[in-house]
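**Q** Okay, structure incoming, though there's no sequence with it:
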């Protein structure tokens, strides 16, 4: 692993919406994980702050106390998951996780609040990243007609980039956000991301910033490219049957910043009757588990896919399911994982790009079948760290 790489796990795996909940999870679970994977060394945090928690941590006294805690325990924060605005555990989330979307002032204000918090927590010389939703959900309630990114979303992102620029000017800390492509969202594939950046974001946001800053077009576009990019989630893009190394190359070729890479894996099955029976254990009322087939047919959720007709045992009927499974999960004859898509070419390409932030993200731990929760979240997360380090330390060819 490159010495300048910051590796963490996303704290969205720990239930809790308040800042008190978040801090308790760090004290109870994160310190235990730190002691097992990086004893005596600085340990980076991948915070997940809801709107409620961010509002609390935005108070100077609370933030000062937390900064003291970080120093005392040899911890530092360098990235935040700013995707879920509200509740993310225990009660149904489903499509509500995409609200408020990037057409709203609430999403802009929430994200800039996170940026101010992160800028103050960042160590000197370390950039900060914030992952956020891919603009919004592509399908309105009950509709099968896909919507497209709106002009309002572009302007909101331009205003966010301007806020991040102002933070940088004031504090010297660079914070960037990464739109995180996800199945059935306005941005779900690498081509959609590139199309949005090149045909909407840069053409429309650049003149907006020229007007706001009285700067040149080149300066405005450079500002946008510095502060707006992509959170590259390996689970989400594998569900789209993308070649991960090729996707990295395409984004880099188009000058789109990869703000951070989330290392995660999806379920993969040939949907035979036996496999469908096993998948019943993965049905849960909390999260949305979109399903894509090899030919990119879509099912909005796993229960919908399981209601579809059983097809012959044919590899062309392969399903990939948006259910994050532990990276070390090897599967069996019926259930597999997309972790294999993080192959030598992907690792090699990753090592040649200026990507410094890596984040393990298996937020579904508490809704996994009981057998996959054996040993608890600390043990599972430690095993994921070991898996990642083993993969990244392997020769690329």
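**A** That came in fine, so what should we check first? All figures in this text were calculated on a predicted structure; none of them were measured in a lab. Residues are numbered from 1 along each chain as shown.

**Q** Can you show me the helices along the stretch 1-150 of the chain?
**A** Under the criterion DSSP state H, counting those that start in this stretch, the stretch 1-150 of the chain carries helices at the ranges 19-25, 31-37, 51-57, 60-72, 105-121.

**Q** Put together TSV for these, with distance to residue 148 and mean pLDDT on each row.
**A** In this view, the C-beta of every residue, glycine as well, is placed from N, C-alpha and C. As requested, these are exported to TSV (distance: least, CB to CB, whole Å; pLDDT from 0 to 100):
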stretch	distance to residue 148	mean pLDDT
helix 19-25	35	98
helix 31-37	41	98
helix 51-57	27	98
helix 60-72	39	97
helix 105-121	18	98
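
**Q** out of these, which comes closest to residue 358?
**A** Closest of those to residue 358 is helix 31-37, at 13.4 Å (criterion: CB to CB).

**Q** re earlier: so which of the helices of the stretch 1-150 of the chain is the most packed in?
**A** Highest mean neighbour count among those (mean count of other CB atoms under 10 Å): helix 105-121, with a mean of 20.

**Q** quick revisit: in CSV: the helices of the stretch 1-150 of the chain, plus distance to residue 333.
**A** Shown next, in CSV, are the helices of the stretch 1-150 of the chain (distance: least, CB to CB, whole Å):
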stretch, distance to residue 333
helix 19-25, 36
helix 31-37, 32
helix 51-57, 42
helix 60-72, 46
helix 105-121, 43
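
**Q** what about those helices, which gets the closest to residue 294?
**A** For these, proximity to residue 294 was assessed by CB to CB; helix 105-121 is nearest, at 33.8 Å.

**Q** how far off helix 60-72 does that closest one point, in degrees?
**A** Angle, helix 105-121 to helix 60-72, by axes from the mean of the first three to the mean of the last three CA atoms, to 10 degrees: 50 degrees.

**Q** let's number from 48 now, not from 1
**A** Yes, from this point I'll number from 48; that puts the last item at helix 152-168.

**Q** Who are the packing partners of helix 152-168?
**A** If contacts are counted by 3 or more CB pairs under 8 Å, 6 or more residues apart in numbering; DSSP states H and E, helix 152-168 sits against helix 98-104, helix 107-119, strand 122-128, strand 175-179, helix 198-218, strand 222-226.

**Q** To residue 394, which of the helices of the stretch 48-197 of the chain lies closest?
**A** Comparing these by CB to CB, helix 78-84 comes nearest, at 19.5 Å.

**Q** Let me know the next secondary structure element after the one helix or strand residue 243 maps to.
**A** Using DSSP states H and E, residue 243 sits in helix 237-243. With elements assigned by DSSP H and E, the helix or strand that comes after helix 237-243 is helix 249-260.

**Q** Going toward the C-terminus from that next one, what's the next helix or strand?
**A** Past helix 249-260, the next helix or strand by DSSP H and E is helix 264-274.

**Q** So which residues of the stretch 248-397 of the chain form helices?
**A** Under the criterion DSSP H, counting those that start in this stretch, the stretch 248-397 of the chain contains helices at 249-260, 264-274, 281-286, 291-300, 320-326, 349-353, 391-398.

**Q** Tabulate those in JSON lines, adding columns for mean pLDDT and mean neighbour count.
**A** Shown next, in JSON lines, are the helices of the stretch 248-397 of the chain (pLDDT from 0 to 100; neighbours: other CB atoms under 10 Å):
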{"stretch": "helix 249-260", "mean pLDDT": "98", "mean neighbour count": "16"}
{"stretch": "helix 264-274", "mean pLDDT": "98", "mean neighbour count": "18"}
{"stretch": "helix 281-286", "mean pLDDT": "98", "mean neighbour count": "26"}
{"stretch": "helix 291-300", "mean pLDDT": "98", "mean neighbour count": "18"}
{"stretch": "helix 320-326", "mean pLDDT": "95", "mean neighbour count": "15"}
{"stretch": "helix 349-353", "mean pLDDT": "96", "mean neighbour count": "18"}
{"stretch": "helix 391-398", "mean pLDDT": "94", "mean neighbour count": "17"}
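
**Q** could those go into JSON lines alongside distance to residue 425?
**A** Shown next, in JSON lines, are those (distance: least, CB to CB, whole Å):
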{"stretch": "helix 249-260", "distance to residue 425": "43"}
{"stretch": "helix 264-274", "distance to residue 425": "35"}
{"stretch": "helix 281-286", "distance to residue 425": "22"}
{"stretch": "helix 291-300", "distance to residue 425": "28"}
{"stretch": "helix 320-326", "distance to residue 425": "26"}
{"stretch": "helix 349-353", "distance to residue 425": "28"}
{"stretch": "helix 391-398", "distance to residue 425": "26"}
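
**Q** Could you say which one of those comes nearest to residue 114?
**A** Of these, nearest to residue 114 by CB to CB is helix 264-274, at 23.6 Å.

**Q** show me the contacts for residue 272.
**A** Applying CB atoms under 8 Å, 6 or more residues apart in numbering, we find residue 272 in contact with 302-304.

**Q** And it, how far from residue 393?
**A** Plainly put, residue 272 is 23 Å away from residue 393 if you go by CB to CB, to the nearest Å.
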